[in-house]
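Colleague: Sequence and computational prediction follow.
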Amino acid sequence: MKTTRSMLAILMLAGACAPALADDIQVAVAANFTAPMKEIAAAFEKETGHVVKAAYGSTGKFYAQIKNGAPFEAFLAADDSTPTKLVDEGDAVAGTQFTYAVGSLVLWSSKPDFVDSDGAVLKSDDFNKVAVANPKTAPYGAAAIEVLTGLGLLEQLRPKFVTGENIAQTFQFVSSGNADLGFVALSQVMENGNITSGSAWMIPGTLHEPIRQDAVVLSPGQDKPAVAALMEYLQGEEAHAIIRSFGYEI
């Protein structure tokens, strides 16, 4: 973890002279982290009085928006390379980047007993479409492409692709039945440690690069104690328990 609790502590100390008033926090959050972030935000708001204004979407599109001046103050990405790039380019605060979760990829269908535990269904012709997030903007999509490439199935299955703008839309394609199956984030189909519906193949982490999801303070949030408090909260036990309940590692 590239962390930075010391840097966050410095930011909080720097803001200590400011009145301890509740404040709003503008946060860009990777779509796969929607459900846990809503729980974390509710707990954080209850504890601190601050209000989390979260937007959810693809990491690639958030990067473009931040470069074009979107007023986000913190960024929870679906990878670790985009926050690093923002730090290098001067759009994020050096020393504040840390890994808040390590994601898992699953092949999922809303139909019970449709996806087997080894993913052998991918080698059959028994499905209409397979949903994949855009690999250019969504790290989970890039991981899916890596899995299919490693299995030697990429070109065979490409005609069956339906591409989601982000992992949330990819999940919608499958949950609505427009695609029989698709590659989604485990967090989208898991709650309290269990797959909530349908059938899934838990893809081994050895088939793709680790999906390290990093957070970073963006330049507009540099001097805000509320932003530093949220970053600190994300590294605490209460947030970690929520994150793990959705199938992430830390």
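Modeller: Yep, it's here.
Colleague: Run through the neighbouring helices and strands of the helix or strand in which Q156 is found.
Modeller: Secondary structure assignment for Q156, by DSSP states H and E: helix 154-157. Under the contact definition 3 or more Cβ pairs under 8 Å, 6 or more residues apart in numbering; DSSP states H and E, helix 154-157 sits against helix 139-151. Where you see a C-beta, it was placed from the backbone N, CA and C, and this is true even at glycine.
Colleague: ranges for the strands of this protein?
Modeller: Remark: strands assigned in the chain by DSSP state E are 24-30, 51-57, 74-76, 98-103, 105-109, 130-133, 161-164, 181-185, 190-191, 194-195, 199-202, 211-217.
Colleague: Not counting its neighbours along the chain, what's nearest G49?
Modeller: Of all residues not flanking G49 in the chain, A22 sits nearest, at 3.8 Å (Cβ to Cβ, 6 or more residues apart in numbering).
Colleague: my guess is that neighbour contacts T48, does it?
Modeller: Yes: with contacts defined as Cβ atoms under 8 Å, A22 counts as touching T48 at a distance of 7.3 Å.
Colleague: The two: which is more packed in?
Modeller: Between A22 and T48, counting by other Cβ atoms under 10 Å, T48 is the more crowded of the two (18 against 10).
Colleague: need the contact list for the more buried one.
Modeller: Contacts here follow Cβ atoms under 8 Å, 6 or more residues apart in numbering; on that basis T48 touches 22, 226, 229, 233.
Colleague: Narrow those to just the buried residues.
Modeller: With burial judged by 16 or more other Cβ atoms under 10 Å, the buried subset of the contacts of T48 is 226, 229, 233.
Colleague: Between those residues, which sits nearest D113?
Modeller: Y233 (40.2 Å; Cβ to Cβ).
Colleague: Find the nearest non-adjacent residue to that closest one, please.
Modeller: Of all residues beyond its chain neighbours, the one nearest Y233 is F44 (5.0 Å), with distances taken as Cβ to Cβ, 6+ apart.
Colleague: gap between the one you found and S81?
Modeller: Counting by Cβ to Cβ, to the nearest Å, the separation of F44 from S81 is 26 Å.
Colleague: Looking at these two, which one has more neighbours?
Modeller: Looking at F44 and S81 with other Cβ under 10 Å, you find the greater number of neighbours at F44, namely 24 against 13.
Colleague: thought the residue nearest to Y233 was touching V52?
Modeller: Yes: contact between F44 and V52 holds when scored by Cβ under 8 Å: they sit 6.4 Å apart.
Colleague: Identify the contacts common to the two.
Modeller: Shared contacts of F44 and V52, defined by Cβ under 8 Å, 6+ apart, comprise L230.
Colleague: Tally up the residues packed near A78, please.
Modeller: When neighbours are defined as other Cβ under 10 Å, A78 has 32 of them.
Colleague: How about the contacts made by it?
Modeller: 30-33, 58-59, 103, 138-140, 167, 211, 213.
Colleague: so how far is I25 from the residue nearest to Y233?
Modeller: F44 sits at a distance of 9 Å from I25 (criterion: Cβ to Cβ).
Colleague: anything in contact with each of the two?
Modeller: In the contact map built from Cβ under 8 Å, 6+ apart, the residues linked to both F44 and I25 are 50, 52, 230.
Colleague: Many thanks, we can stop here.
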